[in-house]
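Participant: need a 3D model of the following:
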Amino acid sequence: MSTEARNVIPTAGSWAARWQRLGLTSISGYKLHHGGPIGRMNGVGIDAAAAADEAVTRDDASPSPLQANDPSSFVSTTGGSTSAAFETASLLSVGAGSGAATASPAAKSMSVTTDKTDYAPGSTATFVVSGVHAGSSITFQIADLTPGINGIAAVYAPFKVTDGGTGDADGLANGTVVAKWQVPADGSATGARLQLTATSGSQTAITTFSDAPNKIVSENLNTGTPESVWSIHGSIANQGDSQIEGFATQISANAGQTVSFKIDTASSGYTLDIYRLGYYGGNGAHLVTTMHHSGADNQPNPIFNSATNTVDAGNWSVTDSWTIPSTAVSGVYFAKLTTDSGNFQNMIPFIVRNDGTASDILFQTSDTTWEAYNSWGGYNLYQGPSGTKSDRAYAVSYDRPIDMNSTALLGGPQDFLFGEEYAAIYWLEQNGYNVSYISGIDAATNAGLLRNTKGLH
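Facilitator: Got it, this is the predicted structure:
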């Protein structure tokens, strides 16, 4: 009997009488009386248009409008949207005896969720839609509620996934669709808040998520300084002045460490403006801090190794130092030097690392190339004072100022920081890529740093 009754809802009259003769008094929580099917359970009501105050008990009574396999006869009385989209066979069961069996013939309600609230550029978002009919198709639409770093409120191409079909990650026609979507890898949506709309037939479900700002995006929200201010005499193509020169004792340092400078000048004082290169709204650099040095610093002549024609100013004294904040974002930094009198200018580049943190891209500076072409002291790896390779250096030292943009001894602006590297830094940070920085010396002496990234530039 239970097998026959799974897909059948008994009506008033003869059906009720016959079922009661078999000892059945309820079906799915609805008690059977000679007066017809009545009752209410779990907020679901029965509406039989033919039911009257006085039930018909004749065996030849006509069936009421409540028909078997007609789920539209059920209406929800619990509030919210009304829906007849549920499966009768799976929700109805027959109960014997006086105890009422339970059933939950409730309308399906579609919902959509994401596996995270925010995502990094290029990462994969997982969308889960549930509460749909098995085999249904879902259309996904993503759009920016607020624009990302590029300032554009984008609308992305919609896509469709069928439950149990291609693109459904769980592979089952089970009323749940699991879809994947890649967050824009170019960083264009970084910082945006996005709305996900899932549609199946007449049903729609909505949720939101964000393209999480990474540390580079957050850093570039800082106020930038115009290039005309931070560059040497207003242009990145200019060379530094010999009246003030210097270098960092280490080309790179980790955030939280101290970077020391050795500066040579006859000026009675000078300013060190510490900048970080980036995008910064198109300005290209951000002023981090300013320090002032009082008094002249006349350094001795550098050491010269005649065996290798190496010029080494490691014998200079430290004149200034800066403790890098532990929260400093990895990047290419520089100290712009400006004398108090004469307005002579120069700069000292150095790299700040974030050891122990991972990034999508690791940018290795070409400091080994800078030093190879650095003509300070009259020698580089290509030529010597004669202007030929006959007296070139066979080893060069980092312990000397960099003749930025010098065209001497086969060098040129392309061989230094403001050649291709600055343009790459500007572009990467403009587009919100999660990038960190190391020097060429770091890569050669601490290869473990190369493991903290997905890609190396």
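Participant: how does this structure divide into domains?
Facilitator: 2-95, 111-212, 218-456 (automatic domain parsing).
Participant: distance between stretch 188-208 and the chain's centre?
Facilitator: Chain-centre distance of stretch 188-208: 17 Å, with C-alpha atoms, centre = their mean, to the nearest Å.
Participant: for L272, grab the count of nearby residues.
Facilitator: By other C-beta atoms under 10 Å, 22 other residues sit near L272. The way it works is simple: take the backbone N, C-alpha and C, and place the C-beta from them, glycine included.
Participant: what's near enough to touch the residue positioned nearest the centre of the chain?
Facilitator: By C-alpha atoms, centre = their mean, the mean C-alpha position of the chain lies nearest to A120, the distance being 1.2 Å. Neighbouring residues of A120 by C-beta atoms under 8 Å, 6 or more residues apart in numbering: V183, D211, A212, N214, D360, N434.
Participant: could you rerun that using 10 Å?
Facilitator: Going by C-beta atoms under 10 Å, 6 or more residues apart in numbering, A120 touches V183, A185, G187, T190, D211, A212, P213, N214, S359, D360, G432, N434.
Participant: and those, which are buried?
Facilitator: Neighbour-count burial (16 or more other C-beta atoms under 10 Å) applied to the contacts of A120 gives V183, G187, T190, D211, A212, P213, N214, S359, D360, G432, N434.
Participant: put together CSV for the residues you listed, with pLDDT and secondary structure on each row.
Facilitator: As requested, those are exported to CSV (pLDDT from 0 to 100; DSSP: H, G, I helix; E, B strand; the rest coil):
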residue, pLDDT, secondary structure
V183, 88, coil
G187, 66, coil
T190, 74, coil
D211, 82, strand
A212, 74, coil
P213, 75, coil
N214, 82, coil
S359, 87, strand
D360, 86, strand
G432, 83, coil
N434, 87, coil
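Participant: for those, which one is nearest A372?
Facilitator: A372 lies nearest to S359 out of the buried ones among the contacts of A120, by C-beta to C-beta, at 27.0 Å.
Participant: surely that closest one touches S436?
Facilitator: Yes. Here S359 reaches S436: they are 4.0 Å apart, a contact under C-beta atoms under 10 Å.
Participant: for G171, which non-adjacent residue is closest in space?
Facilitator: Sequence neighbours aside, G164 is the residue nearest to G171 in space, at 6.7 Å (criterion: C-beta to C-beta, 6 or more residues apart in numbering).
Participant: need the pLDDT of the one you found.
Facilitator: pLDDT, G164: 95.
Participant: any idea how far it lies from T271?
Facilitator: According to C-beta to C-beta, to the nearest Å, G164 and T271 sit 68 Å apart.
Participant: repeat that for Y373.
Facilitator: In terms of C-beta to C-beta, Y373 sits 28 Å off from T271.
Participant: looking at those two, which is more packed in?
Facilitator: Neighbour totals were compared for Y373 and T271, and Y373 leads with 24 against 15 (other C-beta under 10 Å).
Participant: strands of the stretch 301-450 of the chain, start to end?
Facilitator: 303-305, 310-312, 320-323, 331-339, 345-353, 359-364, 435-438 (DSSP state E, counting those that start in this stretch).
Participant: with distance to L450 added, can I get those in CSV?
Facilitator: Shown next, in CSV, are these (distance: least, C-beta to C-beta, whole Å):
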stretch, distance to L450
strand 303-305, 31
strand 310-312, 28
strand 320-323, 27
strand 331-339, 18
strand 345-353, 12
strand 359-364, 7
strand 435-438, 8
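Participant: out of those, nearest to D399?
Facilitator: For those, the distance to D399 is smallest for strand 310-312, at 5.3 Å, taking C-beta to C-beta.
Participant: strands paired with the closest one, and their directions?
Facilitator: strand 303-305 (antiparallel) (DSSP bridges).
Participant: list the buried residues in the partner strand.
Facilitator: Result for strand 303-305 [16+ other C-beta under 10 Å]: buried residues I303.
Participant: low pLDDT regions in the stretch 351-457 of the chain?
Facilitator: Within the stretch 351-457 of the chain, the stretches with pLDDT under 70 are 452-457.
Participant: show me the helices in it, by range?
Facilitator: With DSSP state H, counting those that start in this stretch as the criterion, the stretch 351-457 of the chain has helices at 367-373, 420-430, 440-445.
Participant: out of those helices, which gets nearest to I149?
Facilitator: With C-beta to C-beta as the criterion, I149 lies closest to helix 420-430 of those, at 7.9 Å.
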